[in-house]
Every structure is written in structure tokens, then in C-alpha cells.
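Colleague: Here's a sequence, model it:
(chains A and B)
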Amino acid sequence: MGLIEYQTVLGRMLREQNRDDHLRGVTLEESESRYLENLRDTAEFRFYGSVQRSWCIARATKAAHLTLSLLPQDERERLLDEWVDSGSGAQSFFFVEAESFLNFIGRKLSDRPREFTVCQFERATLRASNGADVFVAPDPALLQKADTCLRRGSYAALVSFEAEPDQSSHGPLAELFSADLILMFSPGLPQLWHEPAPDELALWDALDSPTLLRTLLNHGHSLETLERLLTHGAVETTP
Amino acid sequence: MQDNAHHPVNGKPVQSLGVGFPYFAALPADLYRSDLVSFVEITPETLCRQRVTGTTIQIDIAADRLATAQETCAGLPVVIHGVELSIGSAHGLNNAYLRMLDSFQKEWPFAWHSEHLGFQTIAGDNDSRLEIGVPLPMPATVEAIELVATRSANIQKRYSVPFLLENPAHYFSELPADPEIGNEYKFLNVFTEQSGCYLLLDLHNLYCNAVNHHFNARDVIDTLPLDRVIEIHVAGGSWRDGFWMDAHDGRVPEPVWELLEYVLPRAPNVGGVVFELLEEYAIRLGVSAIENELRRAWRVWTLSHGPN
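Modeller: Alright, predicted model coming up:
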């Protein structure tokens, strides 16, 4: 059996434990196919499968600890199963795994606004702290050219904790929601977050797509606000 | 005590470093400044962050994490023990890891460099690289050896320090094998001959395989090219679902210490012994217990090598 065929099928058998088409696109002799199929029925393969699955679940759980803690156990397990069944959860670098999983559960929480907000909060914290490892405040002189194009920072995020009529179920996060709090996360801030001023919020809203500096100034955004958010990493220039 | 000028690699002798311990940011720096640790094993990925843009992967060294590690290790010699290379992946190894290590070596030169013999990625659609989620062992085939030996020789040349492959723990009772190779341990012999590279003999991995696959670890040790062993790992594990697992979750079992006592006098070019742990278990185990394991490793080291 060729090495690439062996590795491809064995890797798929572990990544896609709920599928049966691991031989797709792979040419094997009958005896080789039989060997791999028989391997699936062994205690040792089942052990590998169990270890692989538990490691994938552990990676995802670590990535979204806060959000998952707010969900009922059956919902939590369903989301984790769906994530791992899709072949995800295997990436060894924490940030990449965490960002992917938080995006995934964010899409699943459209009918749960409170949990969705906490998911955004968890992702914003993760992004800003990851960005802080590499963020270098850019030279404000970039803002001297009117044709500079600006966008929201790659490691920045805005999270709105909107108050809901029924505050009783918010538990330990009730204060955040009851205060109608808005937090801006940026990698260049000492604590990675602050409560944005109205001019900063207006600028963030204006940058829902990349915009020329000239246009922003024409719409009344101040150079001082731009410079401040650029220095924090909430705003960046486009490449 | 043996001559410290060991087997030359690229014209340089292998350094005799003594007993080492992995770098963990969460442990007190004092541990690395004690007499119990004479070199540090760095897994460089833990000092990095990864960026994925489309199908392109970049691994960047995080400058602040690197600076903290260098300050903690306070001038101790370091060796590299990577986990991300996937040297045996037929579709390609992790070149992003090697590019990162190029930069790392400039920042922090290392005495030698080791990786795990195995694969953990397969090809996905559109040239993507899919992680399997667990490391898997190589079949003992001519094709597998040629792939790994060629890549290893290139890596050893690239960094001009010894490149070591670690024998894996795995849970398959039988691996596919070509008759001219025989089995996974003969693979190691052929690998060192073909590549000119070296071995990291992980005694706990060998112990796991011996327990799970019912063979005598010493019999296997006697077949290995012990003159090519530059580093030795000892570690702990635990039972899970009827298998002894290479979990790196605690103290070294007594049979593994006995294997170390057996191997060290027979492996003339060993440069160091490392007590392996996962960071989360290092914190749970605590500094005092770690120190006890390191003292034990020093006792065995000193018996065959004399005091460092």
C-alpha cells in the first residue's frame, strides 16, 4: 500500500468517525481495503478514535469555556459533537482552533441573544490578547495622506451587552447586561478593552467597510479620534 | 566518567548536558535556576502564534514569550523538541514550522533538534493540510524510510546540529511492514544508517508499547543502534480503556527508571536525559515532586557519566 493512500485513509477514519466513505478517491487493492476496514473493528482503533475525539472536544471546550458554561448540558454536548463530527477540533494551535470554534457556535446561537453576546465577548478577548503578542502601534503619520484607506483592526472588536426585559436569568453576567455596556477591544490597549466614547463608536460604525481617510474626514470624523484608535489597533490601514 | 567529546556531528562533538526539563512558562523560574536542571528542552511552538490566511500557514515567534523564556532559562543550554513538523506526512511536512525554526535558531541557538517519528496531517481539498488530531505511527516500509530519511538529512544540514527522531508510543498491535525492513524498531536502525541522523530514545514510549503489545522492552533496546542515541526521555502515563497511555501526566514508573539504568551505560553518545511532562500536569504535580524526579534522573546519570 502506498504511503499517501495509507495515511489518507487512516487519517480520514479518525477525523470522520461517523462517515463510511474513507476510501473515496483512493486507489487500493482489495486486500489493502480489507486491511483498513478490518482495522476499524479493532479495540486499538476504537481506542485511537476515543482519544482523538476526547482531545478534539477538550480543545474546543478550552476555547469557548465561558460561552459553553452558559448552555444547558445537552445543548453543549450537541454543539461539541456537531463540531467534532464535522472533522474539526484537531488544530493544535489554540488561537486558530478557538477562533474557528467560536465562529461556529456564534452561528448556532442566533436564537439565544445573551449567549451570542457572551460568545462575541469571548472571541473579542481572544482576538485582542492574541493580537497583543504582535501588535506594534503604527506611525500616526500614516494619517497625513488623504488617500490612506482604513478599516477596523484585525484584532479589534466591539461588543454590546444590550439590556433585556427579563434580567433574572443572567446570573453572574447580569451586571454587564443591565448596564447596557458597550466594550471596545483593541490589542494596543493596556487592558485590551475600554468603554468607547461616542466619537469612537461613530468611527467604528463608519468603518463597517474599508473607507478612505478623506471620506471619513469629510463625514465629520476627527483626525484626533482616528489617531487614537489607530494607535490602539482598533483601526488599521488596508494593505 | 565518559569523554565529553562524543560522536562528532557536522564536525562538532555532541555536548554532554546532563539532566534537562521542558520549559513551562507557568512554573517558577527558580526551578530552572537550580542545580537540578542543566539544560532546557524547548518546544518552540509554545512560544509562537499561528496565522492562517486561506491555505497559507505562518508560525510567528511571539517576542514577549521568547524573551520571558530566555530570561527564565538564564543562559542554560537549550535543545529543541518540536511537535508540529509531521515529518512522516506523505503529502508534505510542515514547512511553516521550519521557517519559524530558522528565525528561532538566530534568536536562540540550540545544541540539537528533535521531532517525533510519525504523521499528524493528511492532504485535504485544494492543497490544504488537515490535522488528524492525534499523532500516528509510520508503517515500517521502504517508502516511509526513504521519505523520512531524506527529509531528516536535509533538516540536519539546514541547522548544522544533530537531528533526532523520537520512537513513538502507539496503540496498534501491528503496523504495516515491508519484509526487508521488518518492524518499527528495525526502521530506526535503517533510518539512522540512511539519514546520518540520530535518535531520541523515549523510554516511556517504549514501555507503553511493551505493555500494550506484550513484549520485553530490553529485548528491543538490545536491537537498537544505541550509539546513535543522543537524548533520552523518561515520563509517566496512566491506564485508559485497557491501554497504558503515554499521557505525560505524572511520575516516572519504576520499570522506566530500570530501563534508563539499563540503557545509559550502553549508549555512549547520550548528551542528556529529560523528564517529560505536559504543562497542565506539571502544575498539578508541583515543583517538589518534579524535583524528586529530576534528582532520581541525576542519580542514574551520575552512575554512568559521573557528575556533570
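Colleague: now the residue of chain A most remote from its centre: how far from residue A:37?
Modeller: Within chain A, the residue lying farthest from the chain centre (CA atoms, centre = their mean) is residue A:31, at 43.3 Å. As judged by CB to CB, to the nearest Å, residue A:31 and residue A:37 stand 11 Å apart. Any C-beta I mention is one placed from the backbone N, CA and C, and that applies to glycine too.
Colleague: helix or strand for the residue farthest from the centre of chain A, which one?
Modeller: Applying DSSP states H and E as the criterion places residue A:31 in helix A:30-40.
Colleague: Show me which residues of that helix are buried.
Modeller: A:32-33, A:35-36, A:39-40 (16 or more other CB atoms under 10 Å in any protein chain shown).
Colleague: So what touches it?
Modeller: Contacting residues not belonging to helix A:30-40 are listed as A:1, A:5-6, A:9-10, A:13, A:22-23, A:28, A:45, B:172, B:176 [CB atoms under 8 Å, 6 or more residues apart in numbering or on different chains].
Colleague: and chain A, which residues reach chain B?
Modeller: A:1-4, A:6-8, A:10-12, A:14-15, A:35, A:39, A:42-45, A:47-48, A:50-52, A:55-56, A:87, A:89-93, A:95-96, A:130, A:133-134 (CB under 8 Å from any CB of the partner chain).
Colleague: Narrow the residues you listed to those that are buried.
Modeller: A:1, A:3-4, A:6-8, A:10-12, A:14-15, A:35, A:39, A:44-45, A:47-48, A:51-52, A:55-56, A:87, A:89-93, A:95-96, A:130, A:133.
Colleague: Roughly how far does the residue in chain B sticking out farthest from the centre sit from chain A?
Modeller: Within chain B, residue B:126 marks the point farthest from the mean C-alpha position, 31.9 Å out by CA atoms, centre = their mean. Distance check for residue B:126 against chain A: by CB to the nearest CB, to the nearest Å, it reads 14 Å.
Colleague: Strands of chain A, start to end?
Modeller: A:149-152, A:157-160, A:182-185, A:193-194, A:211-212, A:235-237 (DSSP state E).
Colleague: Quick check: which of these is buried the most?
Modeller: Highest mean neighbour count among the strands of chain A (mean count of other CB atoms under 10 Å in any protein chain shown): strand A:182-185, with a mean of 22.
Colleague: Can you list the neighbours in contact with the strand or helix carrying residue B:289?
Modeller: For residue B:289, the host element (DSSP H and E) is helix B:287-305. Residues from elsewhere that reach helix B:287-305 (CB under 8 Å, 6+ apart): B:1-2, B:16, B:18-19, B:21, B:27-28, B:31, B:34, B:36-37, B:234, B:251-252, B:257, B:260-261, B:264-265, B:270, B:273, B:275, B:277, B:282, B:308.
Colleague: Tell me which of these fall in helices.
Modeller: B:31, B:257, B:260-261, B:282 (DSSP state H).
Colleague: Please check the residues you listed and keep the buried ones.
Modeller: Among the ones in helices among the contacts of helix B:287-305, the ones that count as buried (16+ other CB under 10 Å) are B:31, B:257, B:260, B:282.
Colleague: Now render those residues as a markdown table, adding distance to chain A.
Modeller: Formatted as a markdown table, those follow (distance: CB to the nearest CB, whole Å):
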| residue | distance to chain A |
| --- | --- |
| B:31 | 24 |
| B:257 | 26 |
| B:260 | 26 |
| B:282 | 17 |
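Colleague: now, which of those residues sits nearest residue A:81?
Modeller: Nearest to residue A:81 among these is residue B:282, at 30.9 Å by CB to CB.
Colleague: contacting residues for the closest one?
Modeller: B:22, B:24, B:26-27, B:290 are the contacts of residue B:282 under CB under 8 Å, 6+ apart.
Colleague: hmm, try it at 6 Å
Modeller: Residues counted as contacts of residue B:282 (CB atoms under 6 Å, 6 or more residues apart in numbering or on different chains) are B:24, B:27.
Colleague: what's the answer for residue A:14, then?
Modeller: A:52, B:132.
Colleague: all helices for chain A, in order.
Modeller: Going by DSSP H, chain A shows helices at A:3-15, A:30-40, A:43-63, A:65-69, A:73-85, A:94-108, A:113-132, A:174-178, A:198-206, A:213-218, A:223-232.
Colleague: out of those helices, deepest packed?
Modeller: Of the helices of chain A, helix A:3-15 is the most buried (mean count of other CB under 10 Å), at a mean of 23.
Colleague: Could you check how far it is from the centre of its chain?
Modeller: 28 Å (CA atoms, centre = their mean, to the nearest Å).
Colleague: That helix versus helix A:43-63: what angle between them?
Modeller: Orientation check (axes from the mean of the first three to the mean of the last three CA atoms, to 10 degrees): helix A:3-15 against helix A:43-63 gives 60 degrees.
Colleague: rewinding a little: least confident of the helices of chain A, on average?
Modeller: Within the helices of chain A, the stretch with the lowest mean pLDDT is helix A:174-178, showing a mean of 76.
Colleague: For that helix, name the packing helices and strands.
Modeller: For helix A:174-178, there is no helix or strand it packs on, judged by 3 or more CB pairs under 6 Å, 6 or more residues apart in numbering or on different chains; DSSP states H and E.
Colleague: Just the C-alpha atoms of it, please, in CSV.
Modeller: Written as CSV, here are the backbone C-alpha positions of helix A:174-178 (Å, rounded to 0.1, in the frame of the first residue of the first chain):
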residue,chain,number,x,y,z
ALA,A,174,-26.3,40.3,34.9
GLU,A,175,-24.3,43.5,35.7
LEU,A,176,-22.8,43.6,32.2
PHE,A,177,-26.3,43.3,30.6
SER,A,178,-28.2,45.5,32.9
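Colleague: gap between that helix and the chain center?
Modeller: Taking the mean of its C-alpha atoms, helix A:174-178 sits 23 Å from the chain's own mean (CA atoms, centre = their mean).
Colleague: Now render the buried residues of helix A:30-40 as CSV, adding distance to residue A:109.
Modeller: CSV is the format used below for the buried residues of helix A:30-40 (distance: CB to CB, whole Å):
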residue, distance to residue A:109
A:32, 44
A:33, 42
A:35, 43
A:36, 38
A:39, 38
A:40, 35
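Colleague: so which of those residues would you say is closest to residue B:216?
Modeller: Among the buried residues of helix A:30-40, and counting by CB to CB, the member closest to residue B:216 is residue A:39, at 25.7 Å.
Colleague: For residue B:105, grab the count of nearby residues.
Modeller: 17 (other CB atoms under 10 Å in any protein chain shown).
Colleague: then the helix or strand hosting it to PDB, C-alphas only?
Modeller: Assigning secondary structure by DSSP H and E places residue B:105 in helix B:95-107. C-alpha atoms of helix B:95-107 as PDB (Å, rounded to 0.1, in the frame of the first residue of the first chain):
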ATOM      1  CA  ASN B  95       7.400  24.000   6.100                       C
ATOM      2  CA  ALA B  96       5.900  26.800   8.200                       C
ATOM      3  CA  TYR B  97       7.400  25.200  11.200                       C
ATOM      4  CA  LEU B  98      10.900  25.000   9.600                       C
ATOM      5  CA  ARG B  99      10.700  28.700   8.500                       C
ATOM      6  CA  MET B 100       9.800  29.600  12.100                       C
ATOM      7  CA  LEU B 101      12.700  27.400  13.400                       C
ATOM      8  CA  ASP B 102      15.100  29.300  11.000                       C
ATOM      9  CA  SER B 103      14.300  32.500  12.900                       C
ATOM     10  CA  PHE B 104      14.300  30.800  16.200                       C
ATOM     11  CA  GLN B 105      17.800  29.500  15.800                       C
ATOM     12  CA  LYS B 106      19.100  33.000  15.100                       C
ATOM     13  CA  GLU B 107      17.400  34.200  18.300                       C
END
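Colleague: Alright, that wraps it up for me.
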